[in-house]
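Colleague: Fold the following, please.
(chains A and B)
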Number of protein chains: 2
Amino acid sequence: MRTMHRRDFVQSAALGALAVTPLGTLHGHRRQGDWKSLRVNGARVNRHLADLSRYGRNPDGGVSRVAYSDADIAGREFAVRLMRAAELEVRIDPVGNIIGTRAGTLPAAKPILFGSHIDSVPHGGNYDGDLGSLSAIEAAHTLAEAGYRNRHPLEVVIWCDEESGLTGSRGYVGDISREELHEPGRDGVPLAEKIARIGGDPERLAAARHEPGSVAAYLELHVEQGNILHEQGVQIGVVEGIVGIHHYDVTIEGFANHAGTTPMNRRRNAMLTAAELVLAVDRIVKAMPGRHVGTVGRLLVEPGAPNVVPGRVRLTVELRDLRTATIEALWEQISAELGELAHEHDTPATWERQHTNDPALSDPGIRAVIAQAAEALDLSFMHMPSGAGHDAQTLAAICPIGMIFVPAVDGISHSPKEFTSAEDVEHGANVLLQSVLRLDQA
Amino acid sequence: MRTMHRRDFVQSAALGALAVTPLGTLHGHRRQGDWKSLRVNGARVNRHLADLSRYGRNPDGGVSRVAYSDADIAGREFAVRLMRAAELEVRIDPVGNIIGTRAGTLPAAKPILFGSHIDSVPHGGNYDGDLGSLSAIEAAHTLAEAGYRNRHPLEVVIWCDEESGLTGSRGYVGDISREELHEPGRDGVPLAEKIARIGGDPERLAAARHEPGSVAAYLELHVEQGNILHEQGVQIGVVEGIVGIHHYDVTIEGFANHAGTTPMNRRRNAMLTAAELVLAVDRIVKAMPGRHVGTVGRLLVEPGAPNVVPGRVRLTVELRDLRTATIEALWEQISAELGELAHEHDTPATWERQHTNDPALSDPGIRAVIAQAAEALDLSFMHMPSGAGHDAQTLAAICPIGMIFVPAVDGISHSPKEFTSAEDVEHGANVLLQSVLRLDQA
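Modeller: Numbers count the residues shown, from 1 in each chain, chains lettered A, B, ... in the order given. This is a model prediction of the structure:
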């Protein structure tokens, strides 16, 4: 449930992606010690999760660690200490992202980037973002303890301000405009001021930008935020991509009349058209085979009095799928039906595409690596889309991406009740570690 | 569009109603001068309407003459001056109603009451209430000028505070509780304080009460507030009664889930049930022959975000008809369908009857008198229900009632655009005058 910003999508496959090869090939061609047996310290990463949950903790559980708040700043300082303990070379980039580097041995090798975020929604939980961030640090810590000599530079990243709009990752790929930086935000404060508050350098924002092809890969571990893994009892989700989102605002104009004095056959009732549209969205979305979803989540009736025939209804239609073509085909059917309904009820309707997020597919090679890592760890896994947005979708503009999901109990997220078992945390961190190692060995 | 209060309905026919006889009988049995040729001064009543519209006038037209406001008080003083010019004996009753009496010649005859209100909704128009009030005064003025000697006492009444809940007429029939009088209203001010402000005497409220059978008849002229007369080009509406209203609050409980991560077949979407119910209300209401109406005017979706599956929908169903049995039969069908829909979508639903206004039928004899008056004036007329509420519905508890409607252009009411032509104003006032005379002669 983040606000997402429109951006141009760049096909990750076209970006000189890391040449990931199937596991069979990896095996023999380069070995360095017994890297396949490396495992994270599960107790430590779970302890760190508990420690981090103290920053911004709410009396009823969970945290409010909203980006740029004092709690966020304190949490970031805690994360920096963990990074240093993991022998990472820490810097804050101009956007305010925290990046901890473990230098590589291969000259000119592109860095492997992995991490997540630690800011939360108001009254959020202790796993969304935190899990991926602390597991990334834990993976680095494990490598440091093992004295592993990585070929690629490894960069652990904690993106700033994921929840309000993927700010850190957008700055990293050069997708923050001067207007966005300097104009007052919804809270009245310009982004530049907020970035400076957390140690970024907004005047040097351009220096934070990474060119397409400059990063070997981006990996992110995250809680699913849905109930598929938990319900099906599967331990690991191999994310096929982050769905695209089209959000349409629909306005239906009827005529607001006295409900007592306007006979049924003299009404131009905007609510009737809206009700039929709600059902049409559900019917059309369900009729097309696939895992796409369609939702009318907001619906406002005007004037909204019990004794007035609805004169105007404004509603949102949100469509999500991994393929833009699917979304467009759905909207074509829905908007055609809207036109018919508007005509039938004599309630003119208009619509506007409010914003779109293009789908960001994960790299097939990285998907294979994650699946192999899970298999080697004897964990059950399944391929699945991410219905929620993540920093990984921004990174797809400059490098191949991959995401690892672990179960969220009952699919609950953005809630103090968000929960992932200590065992699943450890499994996820190990899949992340082993995926990074496989990419490094490739 | 007023708030109406529950009250016990007393069948007007059972109240020792005025023995109204058909016109044919009236003719010969008592004559006093040439009363049938009496006509109001159309220019004068229209001028008075324009004069009254200055009190609380809004820059964009129309008035905000909300009950108990300074504009209302000034408008009331203006009305009192008009009443005195019409040779009426004016008093303010303990509720704050303005009553102007023209004494009758027949000892112990019950008074004939006629009038309306002059308070308005915020940003209301110049005809709702004003028309009936000033026409009643005009009728009295005409009788004074003609030296007509009425048998019954004639009482011209301007009810206080019609718009927020028929306060004046409810006080007149003894339907205001001590709690209502002394507890702070929605604006924080107790009703007693407001009544005192306009010259009423809240401590003596009980003295304002009239017993059933103590009034010969109540007549009210009003703009239709609907578009039936205007659309059909009919000059006079003979009101069959004021419809009963049942208002139901429905709550549908789904589960609010992330719209991106919750597959279509895992949703418990309260909005789907609500949309089907909206259509069911329309279908069921239209399927039963009659002039009843049914409206879902308010519908609130929670949490109401584009990216969240609706977890709860609260909506209102309002049903109106002249027969309570019709309303109950409709609700039986609607609530049965709600139960099925709730089951089908796994979204438990509950409902509560929030308040009811029982229908108030007009007296058949008075309806005949109004029709005969219109016919004698060579005006077209039709019988019709009043879909809106009026003080007359309260009066039905103590006496036979009748209402006269005149066209509202395009059916617009509670708006600065409310308009009735000067000709229709004059026609309505003449029908009122002639109906009062026929009742007096009966």
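
Colleague: Can you show me the strands along the stretch 1-150 of chain A?
Modeller: A:89-92, A:98-102, A:112-117 (DSSP state E, counting those that start in this stretch).

Colleague: what packs against the last one?
Modeller: On a contact count with 3 or more Cβ pairs under 8 Å, 6 or more residues apart in numbering or on different chains; DSSP states H and E, strand A:112-117 meets helix A:130-146, strand A:154-159, strand A:217-223, helix A:391-395, helix A:422-441. Quick note: C-beta positions are derived from backbone N, CA and C, even for glycine.

Colleague: same thing with the first one?
Modeller: In this structure, strand A:89-92 makes packing contacts with helix A:70-85, strand A:98-102, judged by 3+ Cβ pairs under 8 Å, 6+ apart.

Colleague: what about the first one, distance to the chain center?
Modeller: If I follow you right, that is helix A:70-85. Distance of helix A:70-85 from the chain centroid (Cα atoms, centre = their mean, to the nearest Å) equals 21 Å.

Colleague: before we move on, what about stretch A:179-192?
Modeller: 22 Å.

Colleague: so what secondary structure elements neighbour the helix or strand encompassing A:Ala275?
Modeller: In the assignment (DSSP states H and E), A:Ala275 maps to helix A:270-287. Packing partners of helix A:270-287 (3+ Cβ pairs under 8 Å, 6+ apart): strand A:244-253, strand A:293-295, strand A:299-302, strand A:312-321, helix A:324-344, helix B:270-287.

Colleague: Out of these, which one sits most buried?
Modeller: Neighbour counts averaged per stretch over the helices and strands packed on helix A:270-287 are highest for strand A:293-295, at a mean of 27; criterion: mean count of other Cβ atoms under 10 Å in any protein chain shown.

Colleague: what about it and chain B, any contact?
Modeller: Yes - contact of strand A:293-295 with chain B (Cβ under 8 Å from any Cβ of the partner chain) involves A:293-295.

Colleague: ok, now stretch A:328-348?
Modeller: No - Stretch A:328-348 stays clear of chain B (Cβ under 8 Å from any Cβ), getting no nearer than 10.0 Å.

Colleague: Low-confidence bits of the stretch 301-442 of chain A, can you list those?
Modeller: Applying pLDDT under 70 to the stretch 301-442 of chain A flags no residue at all.

Colleague: Over in it, which residue gets nearest chain B? Let me know.
Modeller: A:Gly387 (3.2 Å; Cβ to the nearest Cβ).

Colleague: Near the residue nearest to that residue when sequence neighbours are not counted, how many other residues are there?
Modeller: Once flanking residues are discounted, A:Gly387 sits nearest to B:Gly260: 3.2 Å by Cβ to Cβ, 6 or more residues apart in numbering or on different chains. Look at B:Gly260: counted by other Cβ atoms under 10 Å in any protein chain shown, it has 23 neighbours.

Colleague: Same question for A:Gly213.
Modeller: 13.

Colleague: per-residue pLDDT, it?
Modeller: A:Gly213 is assigned 97 on the pLDDT scale.

Colleague: and the most centrally placed residue in chain A, what is it in contact with?
Modeller: Nearest to the mean C-alpha position of chain A, by Cα atoms, centre = their mean, lies A:His390 at 1.4 Å. Neighbour list for A:His390: A:116, A:162, A:220, A:222, A:242, A:403 [criterion: Cβ atoms under 8 Å, 6 or more residues apart in numbering or on different chains].

Colleague: Surely the second one is in contact with A:Thr394?
Modeller: No - taking Cβ atoms under 8 Å as the contact criterion, A:Glu162 and A:Thr394 are not neighbours in contact, 9.6 Å apart.

Colleague: got any residues that touch both of the two?
Modeller: Common neighbours of A:Glu162 and A:Thr394 (Cβ under 8 Å, 6+ apart) are A:Ser169.

Colleague: Serialize the helices and strands packed on helix A:270-287 to CSV and add fields for distance to A:His230.
Modeller: As requested, those are exported to CSV (distance: least, Cβ to Cβ, whole Å):
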stretch, distance to A:His230
strand A:244-253, 23
strand A:293-295, 18
strand A:299-302, 30
strand A:312-321, 20
helix A:324-344, 26
helix B:270-287, 23
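
Colleague: I'd like to know which of the ones you listed lies nearest to A:Ile284.
Modeller: Of all the helices and strands packed on helix A:270-287, helix A:324-344 sits nearest to A:Ile284, with 4.9 Å by Cβ to Cβ.

Colleague: between the closest one and helix A:270-287, how big is the angle?
Modeller: Counting by axes from the mean of the first three to the mean of the last three Cα atoms, to 10 degrees, helix A:324-344 lies at 150 degrees to helix A:270-287.

Colleague: Now do helix A:324-344: distance to the chain's middle.
Modeller: With Cα atoms, centre = their mean, you get 28 Å for helix A:324-344.

Colleague: Let me know the next secondary structure element after that helix.
Modeller: strand A:349-357.

Colleague: That following strand pairs with which strands, parallel or anti?
Modeller: Partners of strand A:349-357 in the sheet, by DSSP bridges, are strand A:244-253 (antiparallel).

Colleague: and the angle for the strand it pairs with with strand A:312-321?
Modeller: Here the directions of strand A:244-253 and strand A:312-321 differ by 160 degrees (the same axes, to 10 degrees).

Colleague: What is the neighbour count of the closest residue to A:Arg367 other than its chain neighbours?
Modeller: Among residues not flanking A:Arg367 along the chain, A:Val238 sits closest, at 5.4 Å (Cβ to Cβ, 6+ apart). Around A:Val238 there are 24 other residues, counting by other Cβ under 10 Å.

Colleague: How about A:Arg353?
Modeller: By other Cβ under 10 Å, 12 other residues sit near A:Arg353.

Colleague: Run through the residues that contact it.
Modeller: A:246-248 are the contacts of A:Arg353 under Cβ under 8 Å, 6+ apart.

Colleague: rerun at 7 Å
Modeller: A:246, A:248 (Cβ atoms under 7 Å, 6 or more residues apart in numbering or on different chains).

Colleague: What residues are bridge-paired with it?
Modeller: Beta-bridge partners of A:Arg353, as defined by DSSP bridges: A:Tyr248.

Colleague: And for the one 4 residues further on?
Modeller: Beta-bridge partners recorded for A:Asn357 (DSSP bridges): A:Ile245.

Colleague: residues in contact with A:Leu82?
Modeller: A:48, A:137.

Colleague: Tell me, what's the model's pLDDT at it?
Modeller: Reported pLDDT for A:Leu82: 98.

Colleague: separation between it and A:Leu433?
Modeller: 15 Å (Cβ to Cβ, to the nearest Å).

Colleague: ditto for A:Val239
Modeller: 17 Å.

Colleague: and if you look at A:Ala274?
Modeller: Distance from A:Ala274 to A:Leu433, by Cβ to Cβ: 50 Å.

Colleague: again with A:Pro348
Modeller: Counting by Cβ to Cβ, the gap from A:Pro348 to A:Leu433 is 58 Å.

Colleague: now the farthest one out in chain A, which residue is it?
Modeller: Farthest-from-centroid check, chain A (Cα atoms, centre = their mean): A:Thr261, 51.3 Å.

Colleague: just checking, that residue is part of a strand?
Modeller: No - under DSSP: H, G, I helix; E, B strand; the rest coil, A:Thr261 sits outside any strand and is assigned coil.

Colleague: Pull the contacting residues for it.
Modeller: Counted by Cβ under 7 Å, 6+ apart, A:Thr261 has contacts B:224-226, B:387-388, B:411.

Colleague: at 6 Å what do you get?
Modeller: Going by Cβ atoms under 6 Å, 6 or more residues apart in numbering or on different chains, A:Thr261 touches B:225-226, B:387-388.

Colleague: quick one: the closest residue to it other than its chain neighbours from B:Arg438, how far?
Modeller: Nearest in space to A:Thr261, with sequence neighbours left out and distances taken as Cβ to Cβ, 6+ apart, is B:Gly226 at 2.9 Å. Distance, B:Gly226 to B:Arg438, by Cβ to Cβ: 26 Å.

Colleague: now swap in A:Ala287 and tell me
Modeller: 66 Å.

Colleague: same thing with A:Ile198?
Modeller: For A:Ile198, the distance to B:Arg438 - Cβ to Cβ - is 85 Å.
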